[in-house]
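Peer 1: Sequence below, structure please.
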Amino acid sequence: MTSQDNQNDITTTAGAGLDSQAVAIDPTASEQIDLAHMDIAAITDTANLPQPSLQPIQQATYKANTTDFIVNELLPLDFTGEGEHLWLHIEKSGMNTAYLAKLLSEWADIPLRDVGYSGLKDRHALTTQWFSLRIPKKQLPPTEFAPVDIGENETVTILAQHWHNKKLNRGTHRANQFVITLRDIQFASASDENNENNVSPEQLLSAKEAVEHHLTRIGESGVPNYFGPQRFGRQGNNVREALSLFARPPREPRPQPKKSKRKRAPREQNTMELSAARSLIFNEILAARVRDGSWNTGLAGEVFNLDGSGSIFTSEALDDTLHARIDSGDIHPTAVLWGTGNDKVTGSAADLESTVVQHSPLLMQLATGLEQRDIKAQRRALRLPIEALSWEWSDDQTLVLNFTLTTGSFATSVLASLVQQLAS
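Peer 2: Residues are numbered from 1 along each chain as shown. Next up, the predicted model:
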């Protein structure tokens, strides 16, 4: 889930783990990190990342049922009604996006590369998203799409279909709408050490009002834009794989024929590992910005992102105009998605990014591996705006949240700002 959908005096296990390792290992040393003595699971546990303020819910459960986590892909588009690409709007549960794409390719008897989708959706959720199938001459299969080789808890339903003249490419959808149910809520302000059920009506009312006040505030100001836990894999395995990848020398680019239009050979295809490495570095930089309070205020030399777009611009100094634009949500401070050519950021913002990486041997090794593979640096907003946030209490311990996030962000970042211990 992009999500799969992030404040100052709270210390974290992850930060402590990285700092403690910096004492024992010289960040400039060339030897490889000893993974046997490094708790990658703790370092990549996003529940340990700091938040700007203490979350009003001490504990809650989500994804108790499939319908407790609903994701609807928002892809406004005018279909041409012609062309050889059949677009399908599909509702699914218990099944990941890549497997559904495989089933569709088999049904239409087309190569998997001719099946398009915009983003990956959570398997353990009820989701709707678009797929496109390139079907030459519009020769549809003789039977309806009704896969039989799916599990008991897996469902697929086609909601709509349209012909269009283009394939659906990755990252095309604008945003995702989430409907998330939190159950078995225990409130931070209404807990009783002797009897957690011994809460007066007045305490319960006050606790719910604290939650609603918090939701109103983050609906206006946003939350830290952390990468979610799914980016790192189970127990941080994607980061382990990245370290194993970087321990090997980069592949030599293959020579291209003189008449080739390619400027260079295709990059090494280890997208998951490379993405996990960049995401961990970004999260640690954002965590430092949350601790010093600059994640939503900016620093000298900042690179800013224009809200709702991929546009960025630099500023050597902060003035009243920039502060006003930050406060209004028109622009957001950014941090680096590590790679070569990170030359836009300067001043205090650049110093902070360098310090965070240089003080952690783990981050140093990840950063070096990314640079050696010629991954180009990019910028990502530190603040995640929440669109159309609303909520409803089903009962005193059940809260239903409804909100929209731009593509590439994580709903778990919103939940982490609200709940201290989130169980699934």
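Peer 1: so where's the longest strand in this protein?
Peer 2: strand 175-187 (DSSP state E).
Peer 1: So in that sheet, which strands flank that strand, and in what orientation?
Peer 2: In the sheet, strand 175-187 lines up against strand 57-61 (antiparallel), strand 69-74 (antiparallel), strand 398-406 (antiparallel) (DSSP bridges).
Peer 1: looking at the sheet around W130, what are its partners?
Peer 2: W130 forms beta bridges with H89, as assigned by DSSP bridges.
Peer 1: what about it, distance to K92?
Peer 2: 12 Å (C-beta to C-beta, to the nearest Å). No exception for glycine: its C-beta is placed from N, CA and C like everyone else's.
Peer 1: re the thing from before, who wins for proximity to V345 among the strands paired with strand 175-187?
Peer 2: Of all the strands paired with strand 175-187, it is strand 398-406 that lies closest to V345, at 22.0 Å by C-beta to C-beta.
Peer 1: Next SSE downstream of the closest one?
Peer 2: helix 411-418 (DSSP states H and E).
Peer 1: Toward the C-terminus, what is the element adjacent to that next one?
Peer 2: Next element after helix 411-418 (DSSP H and E): strand 419-423.
Peer 1: ok so, going back, adding mean pLDDT, write the strands paired with strand 175-187 out as CSV.
Peer 2: Below are those laid out as CSV (pLDDT from 0 to 100):
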stretch, mean pLDDT
strand 57-61, 97
strand 69-74, 95
strand 398-406, 97
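Peer 1: Just send the ones you listed back as TSV, with distance to L100 and mean neighbour count too.
Peer 2: Converted to TSV, the strands paired with strand 175-187 look like this (distance: least, C-beta to C-beta, whole Å; neighbours: other C-beta atoms under 10 Å):
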stretch	distance to L100	mean neighbour count
strand 57-61	27	20
strand 69-74	13	20
strand 398-406	22	20
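Peer 1: which parts of the longest strand of the chain are buried?
Peer 2: Using 16 or more other C-beta atoms under 10 Å as the test for burial, strand 175-187 gives A175, N176, Q177, F178, V179, I180, T181, L182, R183, I185, Q186, F187.
Peer 1: Averaged pLDDT, that strand. What do you get?
Peer 2: The predicted model assigns strand 175-187 a mean pLDDT of 97.
Peer 1: Let me know the angle separating that strand from strand 419-423.
Peer 2: 100 degrees (axes from the mean of the first three to the mean of the last three C-alpha atoms, to 10 degrees).
Peer 1: Can you name the next helix or strand after strand 175-187?
Peer 2: helix 201-221.
Peer 1: For that following helix, give me every contacting residue.
Peer 2: Contacts with helix 201-221, where a contact means C-beta atoms under 8 Å, 6 or more residues apart in numbering, come from 53, 55-57, 187-190, 199, 296, 329, 383, 386, 389, 391, 393, 396, 399, 401, 403, 414, 417-418.
Peer 1: buried subset of those?
Peer 2: By 16+ other C-beta under 10 Å, the contacts of helix 201-221 give 55-57, 187-190, 199, 296, 383, 386, 389, 391, 399, 401, 403, 414, 417-418 as buried.
Peer 1: Least confident secondary structure element in the protein?
Peer 2: Within the chain, judged by mean pLDDT, DSSP states H and E, the helix or strand with the poorest mean is helix 13-24; its value is a mean of 40.
Peer 1: after it, next one along is what?
Peer 2: helix 40-43.
Peer 1: now for that following helix, which elements pack on it?
Peer 2: In terms of contacts (3 or more C-beta pairs under 8 Å, 6 or more residues apart in numbering; DSSP states H and E), helix 40-43 is packed against helix 13-24, helix 237-246.
Peer 1: what about stretch 127-141, start to end distance?
Peer 2: 25 Å (C-alpha to C-alpha, to the nearest Å).
Peer 1: So what touches it?
Peer 2: Here stretch 127-141 has contacts from 70-73, 75, 84-93, 97, 100-101, 104-105, 107-110, 114-119, 121, 159, 163-164, 166-168, 173, using C-beta under 8 Å, 6+ apart.
Peer 1: got a list of contacts for stretch 92-110?
Peer 2: Here stretch 92-110 has contacts from 66, 86, 88, 90, 111-112, 114-115, 117, 119-129, 131, 133-135, 140-141, 145, 147, 150-151, 153-157, using C-beta under 8 Å, 6+ apart.
Peer 1: And stretch 163-171, what's buried?
Peer 2: Buried, per 16+ other C-beta under 10 Å, within stretch 163-171: H164, K166, K167, L168.
Peer 1: Which members of these occur in strands, if any?
Peer 2: Using DSSP E, the buried residues of stretch 163-171 in strands are H164.
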